[in-house]
Structures are given as C-alpha cells and as structure tokens.
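Engineer: I need the structure of the sequence given here:
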Amino acid sequence: MSERNLLHEFQAPLAREGDRPPALGRLLWAERVPVKDHLRRAALCDLALDTWHYNMGATGADTLYASVPVLHRPSTHAVGRMMASLLRALRMEELIVPDALEMLTLAAALTAPAGVGK
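Structural biologist: So this is what the prediction gives:
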C-alpha cells in the first residue's frame, strides 16, 4: 500500500509537468522488520524520503541520528512538523521541500552519481 501511494505521489505531479520520473527506478522497497533492524538497515541509505502526509516521526529522528539525511515535505499534523523542526535545528533547511515534484527533483540531484548532470 505505501509503495503504491508513494509512487502515485511522485508520478502525478510529474505527469502534469510532462516529465518522466527520474529516480523512481532507484527507490528500494524493504520488508517490515523490527525497529532495531530497520535502523541498522537505514544507516546504509544515502537518503531517506519522509512520506508525506504521515511522515516519519521518531523514526525520522533516529534516521538523522544514523547520519542519514531526510528529505521532508511538511504536513499539517504535529508529526509532520516535527521533522521540519529537527532539520531547522540541524541547519539542514534545504532538505525541507514544498511538494512532491521538488522532493523528487532534489532526491535525484542529491543521489546522482558523480559527474552526472554537470
């Protein structure tokens, strides 16, 4: 369910822009595991995407603690504002994005292999 929702969230604005989603094929979908295993696995990531509307909450704080940057689109819920506050406190405001299109564009730029797009 979350995989389908996340793909839809990214594809809809790109379709309106007439663009092909540049990074969707690079997303990895992981099976649910206990939290301690999830956090060990998260530390191996280059970038975490905070799913909009529900957001990461405490898991996002743990992800940041594991030195993994979190790309965040705030929502109106308390947990949706929590990550924005954490990123501002860490002076990582550039990881707060206004919409799905900007999230995908920035994710692709941040994770592009060296020399690509230059």
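
Engineer: Test my guess that Asn55 contacts Met82.
Structural biologist: Yes. The criterion here is C-beta atoms under 8 Å, and Asn55 meets it with Met82 at 7.2 Å. From N, CA and C alone the C-beta is placed, and that goes for glycine too.

Engineer: out of those two, which sits in the more crowded spot?
Structural biologist: Asn55 (22 against 19; other C-beta atoms under 10 Å).

Engineer: wait, what's in contact with the more buried one?
Structural biologist: 72, 74-75, 77, 79-80, 82-83 (C-beta atoms under 8 Å, 6 or more residues apart in numbering).

Engineer: same thing but at 7 Å, please
Structural biologist: 75, 79-80, 83 (C-beta atoms under 7 Å, 6 or more residues apart in numbering).

Engineer: neighbour-wise, which of these leads?
Structural biologist: Met83 (26 neighbours).

Engineer: what residues are up against it?
Structural biologist: 50, 55-56, 60, 70, 72.

Engineer: same thing but 10 Å
Structural biologist: 50, 55-57, 59-61, 63-64, 70-75, 95-96 (C-beta atoms under 10 Å, 6 or more residues apart in numbering).

Engineer: next one: Ala78
Structural biologist: Contact analysis of Ala78 by C-beta under 10 Å, 6+ apart lists 55, 57.

Engineer: what's the distance between it and Cys45?
Structural biologist: Per C-beta to C-beta, to the nearest Å, Ala78 is found 25 Å from Cys45.
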